[in-house]
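# Next one to model:
(one chain, ligands or ions: 1)
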Amino acid sequence: MSVHPIAAGPPRREPLLAPSLLASDLANIQATAETLAGAEADWLHFDVMDGCFVPNISFGLPILEALKPHAKQPIDVHLMIEEPQNYLAAFRDAGATNLTVHYEACPHLHRVVQQIKALGCVAGVALNPATPAGLLVDIAADLDYVLVMSVNPGFGGQAFIPHTLQKVAELKDLLLDAGSPALIGVDGGVDDRNAAALVQAGADVLIAGSFVFKASAGPVATLAALRQQLRQAGEERAAA
Ligand SMILES: O=C(CO)[C@H](O)[C@H](O)COP(=O)(O)O
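Now for the predicted structure:
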């Protein structure tokens, strides 16, 4: 179930699913991790917000430390914070498998990516909706993972921005041209209405919060249904 993106290697037939814990019951994060351990979840997505880079504050190191012993899957930490380079080692030590920083928060992005790799973590870079995919051209070959934000970061439950589909396709071409093994993730407003189209456009990882945790069917059944939908989309992509 858990797959290191580098070990997995592109092209993947079946996209990864990463439920975003931001939308879960945070008073019961241990129970959530235990529930997800048996669910169709490849990574646990963990959103860190600092109230500066984004206009909201979520959770950070102590909650990650509390989650870690109960998490069966790799923990995908999305740092929506300023000066992320100052916190990378601490998040790795607290349990992060993947560390994603924002392009917009890193004037010295190449250095930060190398720092993440030196820590032994999967190195990801996130792009805000207004940041063009083409800006990654000089760093593409160094990346393990690119996270395309399909909402403006800071809050769960927002509407998916349709232009993201085009951006994922552009990014896929850019990564192929650069010979980059990086996976493409999409985060924000992901649900069963846009998931298949995102996979067709080139997405390898879908992050979903509200759709998974607010569904009346519950997270396990919702992830299973999404997995089934994506399996088919992944096969169609591989056959194309
Ligand atoms: O990074 C994020 C917000 O900045 C979240 O991961 C994102 O909001 C996912 O939640 P939802 O599926 O509810 O949109």
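
# Correct me if wrong, but V186 is in a strand.
Yes - per DSSP: H, G, I helix; E, B strand; the rest coil, V186 lies within a strand segment.

# Renumber starting at 56 from here on
In the new numbering, first residue 56, that becomes V241.

# For it, grab the count of nearby residues.
V241 sits with 31 neighbouring residues when counted by other Cβ atoms under 10 Å. Quick note: C-beta positions are derived from backbone N, CA and C, even for glycine.

# do the same with the one 5 residues further on
Residue neighbour count, defined by other Cβ under 10 Å, stands at 15 for D246.

# helix/strand/coil for it?
coil.

# got a pLDDT number for the closest residue to it other than its chain neighbours?
Excluding the flanking residues, the one nearest D246 by Cβ to Cβ, 6 or more residues apart in numbering is F266, at 4.0 Å. F266 is assigned 98 on the pLDDT scale.

# Wait, a strand at P74?
Yes - per three-state DSSP, P74 lies within a strand segment.

# Could you double-check that it sits in contact with F101?
No - counting by Cβ atoms under 8 Å, P74 sits too far from F101 to count as a contact (10.3 Å).

# Could you list which residues are in contact with the residue nearest to D246?
245-247, 277, 281 (Cβ atoms under 8 Å, 6 or more residues apart in numbering).

# Against A185, how distant is it?
Here the criterion is Cβ to Cβ, to the nearest Å. By it, F266 lies 24 Å from A185.

# Also Y158?
11 Å.

# and if you look at G175?
32 Å.

# What about contact with the ligand: does stretch 258-267 have any residue there?
Yes - applying Cβ under 6 Å from any ligand atom, one finds stretch 258-267 in contact with the ligand at 262-266.

# what comes up buried for that stretch?
If you call a residue buried by 16 or more other Cβ atoms under 10 Å, then stretch 258-267 has these buried ones: 258-267.

# now the residues you listed as TSV including secondary structure?
Converted to TSV, these look like this (three-state DSSP):
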residue	secondary structure
A258	coil
D259	coil
V260	strand
L261	strand
I262	strand
A263	strand
G264	coil
S265	helix
F266	helix
V267	helix
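
# Now do the contacts for the closest residue to the ligand within the chain.
Nearest residue of the chain to the ligand, counting by Cβ to the nearest ligand atom: G264, 2.9 Å away. By Cβ under 8 Å, 6+ apart, G264 lies in contact with 74-79, 100, 211-212.

# mind saving the C-alpha coords of the longest helix that the chain contains as CSV?
When the chain is parsed with DSSP state H, its longest helix is helix 273-294. Extracted in CSV, the C-alpha atoms of helix 273-294 (Å, rounded to 0.1, in the frame of the first residue of the first chain):
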residue,chain,number,x,y,z
GLY,A,273,-17.3,7.7,5.8
PRO,A,274,-13.6,7.8,4.8
VAL,A,275,-13.1,4.0,4.2
ALA,A,276,-15.9,3.6,1.8
THR,A,277,-15.3,6.9,0.1
LEU,A,278,-11.6,6.1,-0.5
ALA,A,279,-12.5,2.6,-1.8
ALA,A,280,-15.0,4.1,-4.3
LEU,A,281,-12.4,6.7,-5.4
ARG,A,282,-9.8,4.0,-5.8
GLN,A,283,-12.0,2.0,-8.1
GLN,A,284,-12.7,5.1,-10.2
LEU,A,285,-8.9,5.9,-10.4
ARG,A,286,-7.9,2.4,-11.2
GLN,A,287,-10.0,2.6,-14.3
ALA,A,288,-8.6,6.1,-15.2
GLY,A,289,-5.1,4.9,-14.6
GLU,A,290,-5.6,1.9,-16.9
GLU,A,291,-7.1,4.2,-19.6
ARG,A,292,-4.1,6.5,-19.3
ALA,A,293,-1.6,3.7,-19.5
ALA,A,294,-3.4,2.4,-22.6
